[in-house]
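Student: no FASTA, just this:
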Ligand SMILES: Cc1cc2nc3c(=O)[nH]c(=O)nc-3n(C[C@H](O)[C@H](O)[C@H](O)COP(=O)(O)O)c2cc1C
(Lines give C-alpha, C1' and ligand atoms only; values in the text may rest on other atoms or scores of the structure.)
Protein backbone atom coordinates (compact mmCIF):
# COMPACT_ATOMS: atom_id res chain seq x y z
CA UNK A 1 0.00 0.00 0.00
CA UNK A 2 1.17 3.52 -0.64
CA UNK A 3 0.20 6.95 0.58
CA UNK A 4 0.44 9.96 -1.67
CA UNK A 5 0.04 13.57 -0.67
CA UNK A 6 -0.23 16.41 -3.14
CA UNK A 7 -1.11 20.08 -3.30
CA UNK A 8 -2.81 21.78 -6.23
CA UNK A 9 -4.32 25.12 -7.17
CA UNK A 10 -8.10 25.17 -7.22
CA UNK A 11 -9.76 26.55 -10.33
CA UNK A 12 -10.55 30.22 -9.72
CA UNK A 13 -14.15 30.66 -8.59
CA UNK A 14 -14.68 27.01 -7.70
CA UNK A 15 -17.96 26.76 -5.82
CA UNK A 16 -18.88 24.65 -2.79
CA UNK A 17 -21.22 22.75 -5.11
CA UNK A 18 -18.34 21.81 -7.35
CA UNK A 19 -16.37 20.58 -4.37
CA UNK A 20 -19.41 18.56 -3.31
CA UNK A 21 -19.43 16.96 -6.76
CA UNK A 22 -15.79 15.98 -6.36
CA UNK A 23 -16.64 14.45 -3.04
CA UNK A 24 -19.57 12.54 -4.51
CA UNK A 25 -17.41 11.03 -7.26
CA UNK A 26 -14.75 10.15 -4.72
CA UNK A 27 -17.17 8.44 -2.39
CA UNK A 28 -18.62 6.48 -5.29
CA UNK A 29 -15.32 5.47 -6.93
CA UNK A 30 -12.75 5.18 -4.17
CA UNK A 31 -14.28 2.24 -2.26
CA UNK A 32 -14.31 0.22 -5.49
CA UNK A 33 -10.56 0.65 -5.94
CA UNK A 34 -9.67 0.45 -2.24
CA UNK A 35 -8.58 4.07 -1.88
CA UNK A 36 -9.16 6.12 1.25
CA UNK A 37 -8.02 9.61 2.14
CA UNK A 38 -8.81 13.20 2.81
CA UNK A 39 -9.30 16.32 0.73
CA UNK A 40 -8.59 19.67 2.30
CA UNK A 41 -9.39 22.92 0.63
CA UNK A 42 -8.82 26.41 1.79
CA UNK A 43 -8.75 29.59 -0.21
CA UNK A 44 -7.44 28.73 -3.61
CA UNK A 45 -5.70 25.45 -2.92
CA UNK A 46 -6.34 21.75 -2.42
CA UNK A 47 -4.36 19.25 -0.49
CA UNK A 48 -5.28 15.60 -0.88
CA UNK A 49 -4.03 12.39 0.68
CA UNK A 50 -4.69 9.19 -1.26
CA UNK A 51 -3.86 5.85 0.33
CA UNK A 52 -4.38 2.36 -1.02
CA UNK A 53 -2.90 -0.19 -3.42
CA UNK A 54 -0.01 1.34 -5.36
CA UNK A 55 -1.51 0.87 -8.83
CA UNK A 56 -4.89 2.20 -7.75
CA UNK A 57 -3.44 5.32 -6.14
CA UNK A 58 -1.14 6.09 -9.06
CA UNK A 59 -3.84 5.54 -11.67
CA UNK A 60 -6.21 7.77 -9.73
CA UNK A 61 -3.55 10.47 -9.34
CA UNK A 62 -2.87 10.48 -13.08
CA UNK A 63 -6.61 10.72 -13.74
CA UNK A 64 -6.84 13.69 -11.37
CA UNK A 65 -4.11 15.53 -13.27
CA UNK A 66 -6.57 15.98 -16.14
CA UNK A 67 -9.31 17.45 -13.97
CA UNK A 68 -9.76 21.12 -14.83
CA UNK A 69 -11.07 21.97 -11.41
CA UNK A 70 -7.48 22.16 -10.28
CA UNK A 71 -4.00 22.62 -11.75
CA UNK A 72 -0.28 22.67 -10.89
CA UNK A 73 -0.43 19.52 -8.84
CA UNK A 74 2.72 18.94 -6.78
CA UNK A 75 3.44 15.68 -5.00
CA UNK A 76 4.81 16.34 -1.54
CA UNK A 77 5.03 12.85 -0.21
CA UNK A 78 4.68 9.35 -1.55
CA UNK A 79 5.68 6.44 0.60
CA UNK A 80 4.94 2.86 1.44
CA UNK A 81 2.48 2.55 4.28
CA UNK A 82 1.59 -0.39 6.46
CA UNK A 83 -1.60 1.07 7.83
CA UNK A 84 -4.21 3.48 6.64
CA UNK A 85 -4.57 6.80 8.39
CA UNK A 86 -8.02 7.44 6.94
CA UNK A 87 -9.57 3.98 6.99
CA UNK A 88 -12.99 5.40 7.79
CA UNK A 89 -13.00 7.83 4.91
CA UNK A 90 -13.39 6.89 1.25
CA UNK A 91 -12.75 10.63 1.05
CA UNK A 92 -13.09 13.00 3.98
CA UNK A 93 -13.33 16.70 3.29
CA UNK A 94 -12.17 19.56 5.41
CA UNK A 95 -12.82 23.11 4.38
CA UNK A 96 -10.39 25.36 6.08
CA UNK A 97 -9.68 29.05 5.93
CA UNK A 98 -6.75 30.37 3.92
CA UNK A 99 -4.88 31.18 7.09
CA UNK A 100 -5.03 27.65 8.40
CA UNK A 101 -4.14 26.41 4.99
CA UNK A 102 -0.94 28.43 5.16
CA UNK A 103 0.00 26.25 8.08
CA UNK A 104 -0.62 23.06 6.10
CA UNK A 105 1.31 24.50 3.19
CA UNK A 106 4.45 24.28 5.28
CA UNK A 107 4.49 20.65 4.19
CA UNK A 108 5.41 21.92 0.75
CA UNK A 109 8.67 23.23 2.21
CA UNK A 110 9.49 19.70 3.26
CA UNK A 111 9.15 18.34 -0.22
CA UNK A 112 11.73 15.63 -0.80
CA UNK A 113 13.40 16.13 2.56
CA UNK A 114 14.35 13.14 4.67
CA UNK A 115 12.89 14.58 7.88
CA UNK A 116 9.49 14.92 6.54
CA UNK A 117 8.05 11.54 7.45
CA UNK A 118 7.69 12.85 10.98
CA UNK A 119 6.31 16.23 10.00
CA UNK A 120 3.90 14.46 7.70
CA UNK A 121 2.74 11.98 10.34
CA UNK A 122 2.10 14.74 12.81
CA UNK A 123 0.19 16.90 10.36
CA UNK A 124 -1.89 13.90 9.31
CA UNK A 125 -2.72 13.02 12.89
CA UNK A 126 -4.07 16.53 13.31
CA UNK A 127 -6.29 16.08 10.26
CA UNK A 128 -7.66 12.78 11.49
CA UNK A 129 -8.49 14.38 14.82
CA UNK A 130 -10.22 17.24 13.07
CA UNK A 131 -12.18 14.90 10.81
CA UNK A 132 -13.33 12.77 13.68
CA UNK A 133 -14.37 15.83 15.65
CA UNK A 134 -16.40 17.23 12.78
CA UNK A 135 -18.26 14.11 11.69
C1 LIG B 1 -8.83 18.03 -6.14
C2 LIG B 1 -9.61 16.88 -6.72
C3 LIG B 1 -9.64 15.68 -6.05
C4 LIG B 1 -10.34 14.59 -6.57
N5 LIG B 1 -10.33 13.40 -5.90
C6 LIG B 1 -10.97 12.33 -6.42
C7 LIG B 1 -10.93 11.07 -5.77
O8 LIG B 1 -10.32 10.88 -4.71
N9 LIG B 1 -11.61 10.04 -6.37
C10 LIG B 1 -12.29 10.17 -7.52
O11 LIG B 1 -12.87 9.19 -8.01
N12 LIG B 1 -12.35 11.37 -8.15
C13 LIG B 1 -11.71 12.45 -7.64
N14 LIG B 1 -11.77 13.65 -8.29
C15 LIG B 1 -12.62 13.78 -9.50
C16 LIG B 1 -12.00 13.15 -10.73
O17 LIG B 1 -11.08 14.03 -11.33
C18 LIG B 1 -13.09 12.79 -11.75
O19 LIG B 1 -13.86 13.93 -12.04
C20 LIG B 1 -14.02 11.73 -11.21
O21 LIG B 1 -13.31 10.64 -10.69
C22 LIG B 1 -14.95 11.24 -12.32
O23 LIG B 1 -15.84 10.37 -11.73
P24 LIG B 1 -16.97 9.64 -12.58
O25 LIG B 1 -16.26 8.97 -13.72
O26 LIG B 1 -17.58 8.69 -11.64
O27 LIG B 1 -17.89 10.73 -13.01
C28 LIG B 1 -11.05 14.75 -7.78
C29 LIG B 1 -11.01 15.97 -8.44
C30 LIG B 1 -10.31 17.04 -7.92
C31 LIG B 1 -10.31 18.36 -8.65
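Tutor: On my side now, so go ahead. Remember, it's a predicted structure, so these values are computed and weren't measured experimentally.

Student: okay, CA-based contacts and neighbour counts for the rest of this
Tutor: OK.

Student: give me the contacts around the longest strand out of those in the chain.
Tutor: Across the chain, the longest stretch assigned as strand under DSSP state E is strand 70-80. Residues from elsewhere that reach strand 70-80, judged by Cα atoms under 8 Å, 6 or more residues apart in numbering: 1-11, 46, 65, 107-108, 110-112.

Student: what's near enough to touch the closest residue in space to residue 9 that isn't next to it in sequence?
Tutor: Spatial nearest neighbour of residue 9, chain neighbours left out: residue 45 (4.5 Å); criterion: Cα to Cα, 6 or more residues apart in numbering. By Cα under 8 Å, 6+ apart, the contact list for residue 45 reads 7, 8, 9, 10.

Student: now those: which count as buried?
Tutor: Buried subset of the contacts of residue 45 (neighbour count, 16 or more other Cα atoms under 10 Å): 7, 8, 9, 10.

Student: gap between the longest strand of the chain and the chain center?
Tutor: From the chain centre to the centre of strand 70-80 is a distance of 9 Å (Cα atoms, centre = their mean, to the nearest Å).

Student: which ones among the contacts of residue 45 lie within strands?
Tutor: Using DSSP E, the subset of the contacts of residue 45 located in strands is 7, 8, 9, 10.

Student: and the strands in this protein?
Tutor: For the chain, the strands defined by DSSP E occupy 2-10, 36-42, 45-52, 70-80, 92-95.

Student: how about the residues of this protein that lie near the ligand?
Tutor: 22, 25, 26, 29, 30, 46, 64, 67, 69, 70 (Cα under 6 Å from any ligand atom).

Student: kindly reformat these as TSV containing pLDDT.
Tutor: Converted to TSV, those look like this (pLDDT from 0 to 100):
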residue	pLDDT
22	96
25	96
26	96
29	97
30	97
46	93
64	97
67	98
69	97
70	97
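
Student: these, buried ones only, as a PyMOL selection?
Tutor: With 16+ other Cα under 10 Å as the burial test, the buried ones among these are selected in PyMOL as follows:
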select buried, resi 22+26+30+46+69+70
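
Student: circling back to that earlier point, okay if I get the contacts of residue 45 as CSV plus pLDDT?
Tutor: Output for the contacts of residue 45, formatted as CSV (pLDDT from 0 to 100):
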residue, pLDDT
7, 93
8, 95
9, 95
10, 95
